[in-house]
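Asker: below are the sequence and a predicted model; questions follow.
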Amino acid sequence: MRNSTVRAVNRLTKRWAAEAPAEGPGTVFTAAGAWPLLALLADGAGGPARAELADALSIPAESAAGAARELLAGLTGVPGLRAATGLWAKADLPLEETWSAKLPAGARGTLTDDAEADTKVLDAWASDRTGGLIERMPVTLDEETRLVLASALALQLKWIQPFRALPGRVDEGPWAGRPLWMLHRSTSLLDRARVAHGPTGPVTLLEVVGNTGVDVHLVLGEPGAPAGETLGTGIDAVTRALPSTGAHLLPEGNPGPGLFVATEAAVSPEPRLRITTVAFEVRAEHDLLCQARLFGLETASDKDSGHFPGISSEPLAIGSARQSALARFTAKGFEAAAVTAFAMAPGCAMPRLRYRVRRAEVRFDRPFGFLAVHRTSRLVLAAGWVNEPGMVTQ
């Protein structure tokens with residue numbers, strides 16, 4: 001994956017994160033699932049719609065299709081990550097060969113006049129491509145639907161070092177007194193915990209290493225800090241656009257939210273980072289047309305005219321654009337999935353203590369964010385916010 005494409009996708013992730021909802025159980029989203037579809041649409045768009053899509057993508061429209069193909073090919077090369085695309089069109093819809101030839105390899109199908117049967121086909125594709133994590137295609141077919149363009153991403157990884165899961169409670173904060181699955185573990189690698197400074201103050205990050213080349217970073221801001229800005233600081237830190245400091249260099253005391261650093265007597269000369277967090281599951285449904293400006297879809301969704309002459313000689317507009325997403329964090333690992341779809345309609349015991357060692361403790365026991373990041377490219381594959389973790393089955 002080209003660095004320029006990774007940066008472009010991460011920019012969209014950060015802009016999307018800035019609009020993360022403050023209320024409700026939380027959210028999860030993946031710009032890596034929406035970006036390639038927007039790029040393919042940009043390649044076939046014309047006029048103002050083309051310019052708006054290119055601006056949302058942060059790349060020129062003429063190079064968008066190639067970047068989408070390259071990104072999807074790169075994603076399929078990440079162990080534990082499944083990526084797929086699909087295109088379904090009405091039999092009488094003329095597609096421009098120059099556009100369809102640029103599409104990534106993937107499912108091709110025909111939409112019939114039987115919306116119920118077509119929906120079953122699309123739902124089966126979504127479920128199959130995500131291992132059952134997303135059971136339905138997030139678009140509603142009707143008599144005006146002429147074309148559906150979709151992507152599916154499914155990520156599954158195991159922790160290199162699993163957590164111990166115990167039912168527990170926290171004593172203060174928004175989750176006080178609630179039954180939770182508390183996850184515990186420790187490591188001698190202090191710098192798995194880091195602190196970065198953003199617009200709303202310090203943000204603590206914890207890197208949880210996966211076995212597939214993808215890691216999950218938990219992100220905790222100051223109490224009351226907006227979720228979007230906290231996630232934005234986290235994105236800048238994990239993509240190395242913003243410096244962060246590891247726990248071994250941080251001052252003693254509370255150098256970051258949820259983080260405590262001290263020197264203590266110990267039986268071993270190794271430093272120790274003790275970690276406490278919660279298991280969680282978050283699901284979200286996103287109507288991208290409710291954030292049309294963010295995704296460059298304002299003009300493209302205007303049905304008074306057609307906007308995609310490079311896709312078809314028939315006037316087309318975006319009738320629906322949605323994403324269904326899920327993320328699950330447990331003692332053993334992490335999984336996330338998203339299906340993004342665009343539907344086009346006609347336009348219009350105390351041992352002897354011998355050593356003094358550095359100790360750090362980090363706790364994620366109030367609302368926090370998370371980022372699944374490809375270790376090599378620093379591409380953010382999924383992002384989200386946990387307001388209500390719930391009791392996740394271990």
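Answerer: Here it is on my side, so go on. Numbering: from 1, shown residues only.
Asker: could I get the full set of helices for this structure?
Answerer: With DSSP state H, the ranges of helices along the chain come out as 3-17, 31-44, 47-57, 64-76, 97-100, 115-129, 227-238.
Asker: what is the fifth one packed up against?
Answerer: Right, helix 97-100. Applying 3 or more C-beta pairs under 8 Å, 6 or more residues apart in numbering; DSSP states H and E, one finds that helix 97-100 contacts no other helix or strand. No exception for glycine: its C-beta is placed from N, CA and C like everyone else's.
Asker: can you pull the buried residues of that helix?
Answerer: W99 (16 or more other C-beta atoms under 10 Å).
Asker: and the pLDDT for S186?
Answerer: As summarised for this prediction, S186 has a pLDDT of 95.
Asker: touching, it and L273? I think so.
Answerer: Yes - with contact defined as C-beta atoms under 8 Å, S186 counts as touching L273 (6.3 Å).
Asker: from W385, how far off is E19?
Answerer: 11 Å (C-beta to C-beta, to the nearest Å).
Asker: compare those two (neighbour count), which wins?
Answerer: In this view E19 and W385 are compared by other C-beta atoms under 10 Å, and W385 has more residues nearby, 25 against 13.
Asker: bridged to that one, which residues?
Answerer: T27, G369 (DSSP bridges).
Asker: for Q156, see how far away it is.
Answerer: 21 Å.
Asker: cool, P269 as well?
Answerer: For P269 relative to Q156 (C-beta to C-beta), the value is 37 Å.
Asker: who has more neighbours out of these two?
Answerer: Applying other C-beta under 10 Å to P269 and Q156 shows that Q156 carries more neighbours, namely 20 against 10.
Asker: from T130, how far out is that one?
Answerer: Distance from Q156 to T130, by C-beta to C-beta: 10 Å.
Asker: before we move on, the earlier item: compare S186 and L273 (neighbour count), which wins?
Answerer: Per other C-beta under 10 Å, whichever of S186 and L273 has more neighbours is L273, with 23 against 15.
Asker: identify the bridge partners of the more buried one.
Answerer: Here L273, judged by DSSP bridges, has bridge partners T187, A360.
Asker: so where is the chain shaky, pLDDT-wise?
Answerer: Within the chain, the segments meeting pLDDT under 70 span 22, 348-355, 390-394.
Asker: mind giving me the domain ranges of it?
Answerer: 3-157+283-346, 159-279+351-386 (automatic domain parsing).
Asker: for the shortest one, measure first residue to last.
Answerer: Right, the one you point to is domain 159-279+351-386. In domain 159-279+351-386, first residue to last residue: 20 Å (C-alpha to C-alpha, to the nearest Å).
Asker: distance between it and the chain's centre?
Answerer: Domain 159-279+351-386 sits 18 Å away from the centroid of its parent chain (C-alpha atoms, centre = their mean, to the nearest Å).
Asker: swap in the first one?
Answerer: A distance of 14 Å separates the centroid of the chain from that of domain 3-157+283-346, by C-alpha atoms, centre = their mean.
Asker: endpoint to endpoint, it covers what distance?
Answerer: 36 Å.
Asker: now stretch 363-378: buried residues?
Answerer: Those buried within stretch 363-378 under the rule 16+ other C-beta under 10 Å are 363-374, 377-378.
Asker: equivalent analysis for stretch 306-323, please.
Answerer: Under 16+ other C-beta under 10 Å, the buried positions of stretch 306-323 are 306-312, 314-323.
Asker: now do the end-to-end distance for it.
Answerer: 23 Å.
Asker: spit out the contact partners of E361.
Answerer: E361 makes contact with 259-260, 273-276, according to C-beta atoms under 8 Å, 6 or more residues apart in numbering.
Asker: switch the cut-off to 6 Å
Answerer: E361 makes contacts with 260, 274, as judged by C-beta atoms under 6 Å, 6 or more residues apart in numbering.
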